[in-house]
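S.K.: sequence first, then the predicted structure, then my questions.
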Amino acid sequence: MMPSSVKTLLAAETALKTVCISGWVRTRRDAKAFSFIEINDGSCLANLQVIADPELENYEQIRKLTTGSSVSVTGAMQESPGKGQKWEILATAVTLIQTAPEEYPLQKKRHTDEFLRTISHLRPRTNKYGAAFRIRSTLSYGVHRFFQERGFFHVHTPILTGSDCEGAGELFQVTALNLDQVPQKDGKTDYTADFFGKPANLTVSGQLEAEAAALALGNVYTFGPTFRAENSNTRRHAAEFWMVEPEMAFCDLFQNMAMAETFIKFLIGDALKNCADDLNLFAKFVDKRLMQELDVILSKPFVRLPYEDAVTILKQSGRNFSYDVFFGADLQTEHERFLAEDHFKQPVIVYNYPKSIKPFYMRVNDDDRTVAAMDVIVPRIGEIIGGSQREERPTVLDARMKETRVSAADLWWYRDLRRYGSVVHSGFGLGFERLIMLVTGITNIRDVIPFPRTPGAIDF
Ligand code: 4AD
Ligand code: MG
């Protein structure tokens, strides 16, 4: 018989005479006449209760089943007299696949997030992490649904690149050279001997290639891993994270902001609708204000705030920030959180940032001191989306490349896009992990990625 999942069984309308499920023992306890086994198979938060009676031929072994053991159960569904659950299984056979030894680290008690990070290979078996990774999966599907339903095409942008889109120099270099014997020329590394004949790195963003796609297909998006060798050990930075990057032709900054707002609202609504049980766990045990916060995000239009006004608000806040605020200063997490959490108490889109702190590709505004950039800032997290209208004018782009020391020769193809039918276009990047943090209330990015990569940490 094909095994069912706990999720489908618990959702069944009527009882079935014979069912089979496989999973892992969460707990087992003996009553007078029976042994009760709680089985979880990962398909949902809930466990399924199995009742084993002494008639079973291996009853003595069943009574020794430990937490973490793997089993297969055949039996009949019956209405559960216990609270909370509709069905349980009265076992006709319990096959012990493997009995876990007593030192299984996930015995039934509360574990700290720090401890669970040291066993990333086992933590998806806990309620909290199982729920987080199921929500992550649902939202990943939601990303595709959102764009596909709106006629966007999914493009696979490269992971190995020769460019630094953000110009921040946070690149992981990739080489096939033997690092113990690096070929030299004029006292420097001879990259002509390397795999690509020039330096290469892991991408920090798929944007530049997505722009080429948008200027052919109209509306596109990429969704893939991006890499930044940013040596900041914070709760919201990872060295490897997933970014969703839509790019839209014939779209200006304000249409771009509207798309970003609709997108975030769609994904939160999607989680509330399709991950209700898992989300409830977070609302109960991780952040008691979660549902209320998500509701605020859904119910109000996001604030639109020019950067200069943000600077004024921050200056007048009376707060003692660690970083000074002035026109030309990049907004730090403390500033972003003040705006979204304390001042507006809802998401804010800050736009028109100073040209001096932004990459070469953002469109220069008529004031010549700001660019058509926008960041979506949300409570608890700060920046969740960064985007812009792109510079579509060839001469202005060339000037900006020069100013920011971006090699025009290397990006000849990007410049070409401004020669052949250049149009107004815009896009943004959503940090997928930050979205999961927003939706679940989890406060550390290490806890929303199955196997996080941060400075000094690449176990598993
Ligand atoms: O603001 P960023 O750097 O924008 C870009 O990369 C643009 N090329 C996107 C575009 O316009 N297509 O990054 C976008 C988002 C940030 O808002 C943040 O949510 C996330 O990516 N992000 C990180 N998430 C986790 N760890 C890091 N180290 C991150 N750096 C950026
Ligand atoms: Mg940014």
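M.R.: Looks like it came in fine. Ligands and ions are numbered 1, 2, ... in the order given.
S.K.: up against ligand 1, what does the stretch 301-450 of the chain have?
M.R.: Taking Cβ under 6 Å from any ligand atom, the part of the stretch 301-450 of the chain that reaches ligand 1 is made up of 383-388, 427-429, 431, 433-434, 445. Where you see a C-beta, it was placed from the backbone N, CA and C, and this is true even at glycine.
S.K.: swap in 5 Å and give it another go.
M.R.: E383, I384, G386, G387, G427, F428, G429, G431, R434 (Cβ under 5 Å from any ligand atom).
S.K.: can you count the residues close to the nearest residue to R125 once chain neighbours are set aside?
M.R.: For R125, ignoring the flanking residues on the chain, the nearest one in space by Cβ to Cβ, 6 or more residues apart in numbering is L106 at 5.8 Å. Neighbourhood size, L106 [other Cβ atoms under 10 Å]: 17.
S.K.: cool, and L253?
M.R.: Neighbour tally, L253, other Cβ under 10 Å: 23.
S.K.: check which residues of stretch 41-50 are buried.
M.R.: Neighbour-count burial for stretch 41-50 flags D41, S43, C44, L45, A46, N47, L48, Q49, V50 (criterion: 16 or more other Cβ atoms under 10 Å).
S.K.: so W87 touches L9, yeah?
M.R.: Yes - counting by Cβ atoms under 8 Å, W87 does reach L9; the two are 6.1 Å apart.
S.K.: find residues that contact each of those two.
M.R.: L48, M77 (Cβ atoms under 8 Å, 6 or more residues apart in numbering).
S.K.: just how off-centre is stretch 411-429 within its chain?
M.R.: 28 Å (Cα atoms, centre = their mean, to the nearest Å).
S.K.: and it, end to end?
M.R.: End-to-end distance for stretch 411-429: 21 Å, by Cα to Cα, to the nearest Å.
S.K.: about what we covered before: buried among the residues of the stretch 301-450 of the chain next to ligand 1? Make that a ChimeraX selection.
M.R.: Filtering those down to the buried ones (16+ other Cβ under 10 Å) takes a single ChimeraX command:
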select :383,384,386,387,427,428,429,431,434
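S.K.: quickly note the distance from the closest residue to G42 other than its chain neighbours to ligand 1.
M.R.: Sequence neighbours aside, G130 is the residue nearest to G42 in space, at 6.0 Å (criterion: Cβ to Cβ, 6+ apart). When distance is defined by Cβ to the nearest ligand atom, to the nearest Å, G130 is 23 Å away from ligand 1.
S.K.: more neighbours: W87 and L9, which one.
M.R.: More crowded of W87 and L9, by other Cβ under 10 Å: L9, with 24 against 19.
S.K.: how far away is that one from ligand 1?
M.R.: Distance from L9 to ligand 1, by Cβ to the nearest ligand atom: 38 Å.
S.K.: do the same with A409
M.R.: Counting by Cβ to the nearest ligand atom, the separation of A409 from ligand 1 is 21 Å.
S.K.: just A239 next, same as before
M.R.: From A239 over to ligand 1 the distance is 7 Å, taken as Cβ to the nearest ligand atom.
S.K.: just checking, that residue touches F227?
M.R.: Yes - in this structure, A239 is within contact of F227 by Cβ under 8 Å, at 6.4 Å.
S.K.: spit out the residues that contact the two alike.
M.R.: Common neighbours of A239 and F227 (Cβ under 8 Å, 6+ apart) are F172.
S.K.: and F223, which of the three is it?
M.R.: The local conformation at F223, judged by DSSP: H, G, I helix; E, B strand; the rest coil, is strand.
S.K.: got JSON lines for the buried residues of stretch 41-50, with distance to R150, secondary structure and pLDDT too?
M.R.: Formatted as JSON lines, the buried residues of stretch 41-50 follow (distance: Cβ to Cβ, whole Å; DSSP: H, G, I helix; E, B strand; the rest coil; pLDDT from 0 to 100):
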{"residue": "D41", "distance to R150": "35", "secondary structure": "coil", "pLDDT": "98"}
{"residue": "S43", "distance to R150": "30", "secondary structure": "coil", "pLDDT": "98"}
{"residue": "C44", "distance to R150": "30", "secondary structure": "coil", "pLDDT": "97"}
{"residue": "L45", "distance to R150": "31", "secondary structure": "coil", "pLDDT": "96"}
{"residue": "A46", "distance to R150": "34", "secondary structure": "coil", "pLDDT": "95"}
{"residue": "N47", "distance to R150": "39", "secondary structure": "coil", "pLDDT": "95"}
{"residue": "L48", "distance to R150": "39", "secondary structure": "strand", "pLDDT": "95"}
{"residue": "Q49", "distance to R150": "43", "secondary structure": "strand", "pLDDT": "96"}
{"residue": "V50", "distance to R150": "45", "secondary structure": "strand", "pLDDT": "97"}
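S.K.: from those residues, pick the one nearest L298.
M.R.: L45 (22.9 Å; Cβ to Cβ).
S.K.: correct me, but that closest one touches C275?
M.R.: No - at 9.6 Å, L45 does not count as touching C275 under the criterion of Cβ under 8 Å.
S.K.: what's the neighbour count on G318?
M.R.: Around G318 there are 5 other residues, counting by other Cβ under 10 Å.
S.K.: tell me the SS of it?
M.R.: Classification of G318 by three-state DSSP places it in coil.
S.K.: that one and ligand 1, how far apart?
M.R.: In this view, G318 and ligand 1 are 28 Å apart by Cβ to the nearest ligand atom.
S.K.: likewise V25?
M.R.: Counting by Cβ to the nearest ligand atom - V25 and ligand 1 are separated by 36 Å.
S.K.: for R400, same thing?
M.R.: In terms of Cβ to the nearest ligand atom, R400 sits 15 Å off from ligand 1.
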